[in-house]
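# Here is a sequence together with a model predicted from it:
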Amino acid sequence: MEKRTLGKTQLEVTPIGFGTAQIGFVGMEQAECDQLLNGVLDAGVNVIDTAACYVDAEEEVGKAIGSRRDEYILVSKCGHKIADDDAPEWSGELVRSSAERSLRLLKTDHLDVLLIHSCPKANLENEEMIEALIQCKRDGMTRFIGYSGDREDLEYALSLDPIDCIETSINFLDQQVLEKSIPVAKRRDLGVFAKRPIANSVWRDMTQYGGPYGGYTAPYTERLKKLGMTPDSVGFDGNWIELALRFTLFQPGMHIALVGGMNLDHVKENLKIAEQGPLPDSVLGNLSSIWKKNDDGSWVGQT
């Protein structure tokens with residue numbers, strides 16, 4: 001699989017990265033995690049994305065592939081209060097202690113990218129927190145730093161000189177960012193990670209499952225219903241996953257689509273989709289025009 005250069009970081013990355021949120025939130029057994037993550041690396045993926053708040057995902061990643069650390073680009077996120085005795089959320093002290101804990105759990109002496117995780121704009125204005133993030137980079141705890149989030153919080157983060165990378169929602173149901181934020185990131189030569197690249201697979205209507213995940217995906221389900229689109233209606237002769245992933249993968253200025261899951265076969269299918277290249281211009285045009293006709297300005301990425 002052909003690699004891409006992640007902006008000014010110059011890291012060579014595969015266009016498909018693996019997100020580990022489900023590993024933590026679903027509660028995958030360590031043996032299953034070992035098999036999955038080793039299979040992901042063996043399949044050729046070289047980006048692993050995790051976070052301090054993904055329950056025990058960092059620990060599981062460390063146990064599963066810590067011994068293969070030189071084979072992948074490792075991304076983690078900090079800022080949320082996890083343990084009762086953690087320092088206050090979004091404080092400089094918490095950024096530092098969270099990064100130290102991530103290194104220990106992930107069984108590594110450095111991260112490749114450390115991101116502030118879904119931090120509100122008001123807290124991003126805290127110079128102490130940003131300085132702590134910069135210090136982590138100076139001290140070699142991470143090679144690069146950045147921000148993960150959406151909406152006006154992302155817009156403010158893009159104004160911060162120290163950041164090297166951003167991670168944000170990019171998919172056919174999150175198109176505002178393509179006109180507002182991604183061009184700014186491209187001009188600054190920032191690395192861009194796309195979270196939610198297949199829009200939470202909403203064509204399956206995840207609200208039927210109830211619970212936190214069903215509620216979380218509800219806004220995307222409603223968007224799709226309002227748009228009333230199908231692959232066939234936009235002139236695409238493939239399936240939903242092919243349409244969604246190819247839309248995200250080949251947006252200008254976008255480097256990595258982070259696709260999670262618990263099924264190695266799905267990861268391999270995603271890699272095959274990536275080899276198919278961009279969607280036809282006519283399909284992209286239809287997806288864009290349908291979006292613009294329906295978005296009233298409120299359809300922003302969900303943090």
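Thanks, I have it. Residues are numbered from 1 along each chain as shown.
# Would you list the phi and psi of Ala83?
When quoted as degrees, to the nearest 10, the phi and psi of Ala83 stand at phi -90, psi 160.
# State the phi and psi torsions of Leu154.
Here is the backbone geometry of Leu154 (degrees, to the nearest 10): phi -60, psi -40.
# burial count for it?
If you count neighbours by other C-beta atoms under 10 Å, Leu154 ends up with 27. All C-beta atoms are positioned from the backbone trio N, CA, C, and that covers glycine.
# And it, what's its pLDDT?
pLDDT recorded at Leu154 is 97.
# State the number of residues packed around the nearest residue to Asp34 once chain neighbours are set aside.
For Asp34, ignoring the flanking residues on the chain, the nearest one in space by C-beta to C-beta, 6 or more residues apart in numbering is Ala64 at 4.5 Å. A count of nearby residues for Ala64, using other C-beta under 10 Å, gives 25.
# tell me which element Ala64 falls in.
In the assignment (DSSP states H and E), Ala64 maps to helix 57-65.
# Identify the residues contacting Arg223.
Neighbour list for Arg223: Leu173, Val202, Asn294, Trp299 [criterion: C-beta atoms under 8 Å, 6 or more residues apart in numbering].
# and the next element down the chain from the one helix or strand it maps to?
Following DSSP H and E, one finds Arg223 within helix 211-227. Moving toward the C-terminus from helix 211-227, the next helix or strand (DSSP H and E) is helix 240-249.
# what pLDDT, on average, does that next one get?
Helix 240-249 comes out at a mean pLDDT of 98.
# Next, find the distance separating Asn200 from Thr217.
Distance of Asn200 to Thr217, computed by C-beta to C-beta, to the nearest Å: 4 Å.
# typed the wrong thing, it's Leu245
From Leu245 over to Thr217 the distance is 17 Å, taken as C-beta to C-beta.
# Also Val55?
Separation of Val55 from Thr217 (C-beta to C-beta) stands at 19 Å.
# got it, and Val184?
Distance of Val184 to Thr217, computed by C-beta to C-beta: 28 Å.
# Same check on Ile48?
Ile48 is 23 Å from Thr217, by C-beta to C-beta.
# out of those two, which sits in the busier spot?
Applying other C-beta under 10 Å to Ile48 and Thr217 shows that Ile48 carries more neighbours, namely 26 against 21.
# For the residue lying closest to the more buried one once chain neighbours are set aside, which residues are in contact?
What sits nearest to Ile48 in space, not counting adjacent residues and going by C-beta to C-beta, 6+ apart, is Tyr72, at 5.1 Å. For Tyr72, the contact set (C-beta under 8 Å, 6+ apart) comprises Leu41, Val45, Asn46, Val47, Ile48, Ile65.
# These, buried ones only, as a ChimeraX selection?
With 16 or more other C-beta atoms under 10 Å as the burial test, the buried ones among the contacts of Tyr72 are selected in ChimeraX as follows:
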select :41,45,46,47,48,65
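# What is the nearest of the contacts of Tyr72 to Lys180?
Among the contacts of Tyr72, Val47 lies closest to Lys180 (C-beta to C-beta), at 24.8 Å.
# was I right about that closest one contacting Phe18?
Yes - with contacts counted by C-beta atoms under 8 Å, Val47 reaches Phe18, the gap being 6.8 Å.
# can you list residues touching both of these two?
In contact with both Val47 and Phe18: Leu258, using C-beta under 8 Å, 6+ apart.
# just to revisit the earlier point, make JSON lines from the contacts of Arg223 and add secondary structure, distance to Asp237 and neighbour count to it.
Formatted as JSON lines, the contacts of Arg223 follow (DSSP: H, G, I helix; E, B strand; the rest coil; distance: C-beta to C-beta, whole Å; neighbours: other C-beta atoms under 10 Å):
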{"residue": "Leu173", "secondary structure": "coil", "distance to Asp237": "21", "neighbour count": "26"}
{"residue": "Val202", "secondary structure": "helix", "distance to Asp237": "21", "neighbour count": "23"}
{"residue": "Asn294", "secondary structure": "helix", "distance to Asp237": "24", "neighbour count": "13"}
{"residue": "Trp299", "secondary structure": "coil", "distance to Asp237": "27", "neighbour count": "19"}
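# in the protein, which spans are helices?
21-26, 30-42, 57-65, 92-106, 121-124, 127-138, 151-157, 176-180, 182-187, 211-227, 240-249, 264-274, 281-294 (DSSP state H).
# Quickly, which of those bottoms out on average pLDDT?
Mean pLDDT per stretch puts helix 211-227 lowest among the helices of the chain, at a mean of 77.
# Can you give me the neighbour number for Arg96?
Arg96 is flanked by 19 other residues according to other C-beta under 10 Å.
# Gly92 now?
Residues lying near Gly92 (other C-beta under 10 Å) number 18.
# now do the one 3 residues further on
Counted with other C-beta under 10 Å, residues neighbouring Val95 total 27.
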